[in-house]
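S.K.: build the 3D model from these lines:
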Amino acid sequence: MRPVLLLSLMLAACSPAPEQSNEVAPDRPAASGPAEPPRTGMLDRSRAGSAAPETAFEDPEGAPATLADFRGKPVLLNLWATWCAPCIAEMPTLDRLAAQEKGRLHVLTISQDLDGREKVEAFFVRQGYRDLETWLDPQMALMTGLKADTLPTTILYDANGREVWRIVGMEDWESGRAAALIQEGSTPMSLRRSPKAGGKRNPVAPAKSGAPAGEKRGALHPLGSQPSLG
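M.R.: As a prediction, the model looks like this:
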């Protein structure tokens, strides 16, 4: 992997520390928002078809919940934390996506903060999110269950609780590419593309229509305009 691409990916994601800081990453405006975040996440289809884990987390009232509670509609699961700057950068676009797709797609932003609900709820109040809710996973159990080691990580599940894809790193959830990817959650599994296994890593070419092309099962792909991996 070329140094420029590696650096951009490091800047676009956070690796959870064993002991989280009490600091909160600098707030960014929520409603009006900054300029669109760059598409620097990595698209991974290697776990497509896998069932959602049964790991429990907390709903906005503090009651236990699992991903099985949301069967019947596609789910966009976003793992994030208040100390993760790339997570915060993409949250406004997730908030607007939740409003746009209400009734068709569950958008679950599940905090991986260890400090509890008070810190996360205070952050939401400051940001003024209108359609996101304070789901919590204070033990970071979902990261273990999902074999995720980077924040943000966002996973799309279809209505039957089967993984469609995951994006590791920050994404602009209002982009045309994101819209095409999310549409895959409503496509029956039998009609989805089945990329062949193997192959070297290749950049995903900008999608002109439909789902992004040039993907291979088992490979990670940079979204957006990135240097060739060569």
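
S.K.: residue 176: neighbour count?
M.R.: Counted with other Cβ atoms under 10 Å, residues neighbouring residue 176 total 12. Bear in mind the C-beta positions are built from the backbone N, C-alpha and C, glycine included.

S.K.: now do it against residue 127, distance only.
M.R.: Using Cβ to Cβ, to the nearest Å, we find residue 176 at a distance of 25 Å from residue 127.

S.K.: same thing with residue 91?
M.R.: When Cβ to Cβ is applied, the distance between residue 91 and residue 127 equals 7 Å.

S.K.: what does residue 174 give?
M.R.: Applying Cβ to Cβ, the value for residue 174 to residue 127 is 17 Å.

S.K.: residue 117 too?
M.R.: Taken as Cβ to Cβ, the span from residue 117 to residue 127 is 15 Å.

S.K.: ok, those two, which is more surrounded?
M.R.: The residue with more neighbours, out of residue 117 and residue 127, is residue 127; 19 against 16, by other Cβ under 10 Å.

S.K.: the more buried one against residue 89, yeah?
M.R.: No. Taking Cβ atoms under 8 Å as the contact criterion, residue 127 and residue 89 are not neighbours in contact, 11.7 Å apart.

S.K.: poorly predicted segments of the chain, please.
M.R.: Residues of the chain that meet the criterion pLDDT under 70 lie in 1-12, 15-39, 190, 192-230.

S.K.: quick one: the helices in it?
M.R.: 3-11, 85-100, 117-127, 141-145, 176-183 (DSSP state H).

S.K.: what's near enough to touch residue 90?
M.R.: The neighbours of residue 90, taking Cβ atoms under 8 Å, 6 or more residues apart in numbering as the test, are 37, 152, 170, 171, 172, 173.

S.K.: most widely separated two among those?
M.R.: By the measure Cβ to Cβ, 152 and 172 form the most distant pair in these, at 12.3 Å.

S.K.: quick one: which of the two has more around it?
M.R.: Remark: of residue 152 and residue 172, residue 152 carries more neighbours, 28 against 21, as counted by other Cβ under 10 Å.

S.K.: please name the nearest non-neighbouring residue to the more buried one.
M.R.: Excluding the flanking residues, the one nearest residue 152 by Cβ to Cβ, 6 or more residues apart in numbering is residue 87, at 4.4 Å.

S.K.: pull the number of nearby residues for that neighbour.
M.R.: Here the number of neighbours of residue 87 (other Cβ under 10 Å) works out to 26.

S.K.: now residue 64
M.R.: By other Cβ under 10 Å, neighbour count at residue 64 equals 9.

S.K.: for the closest residue to it other than its chain neighbours, which residues are in contact?
M.R.: Taking Cβ to Cβ, 6+ apart as the measure, residue 64 lies nearest to residue 56, with 4.7 Å between them; neighbours along the chain are not counted. Neighbouring residues of residue 56 by Cβ under 8 Å, 6+ apart: 64, 65, 66, 141.

S.K.: and those, which two are furthest apart?
M.R.: Taking Cβ to Cβ, the two most distant members of those are 65 and 141; they sit 12.3 Å apart.

S.K.: list the contacts of residue 160.
M.R.: In this structure, residue 160 makes contact with 71, 189, judged by Cβ under 8 Å, 6+ apart.
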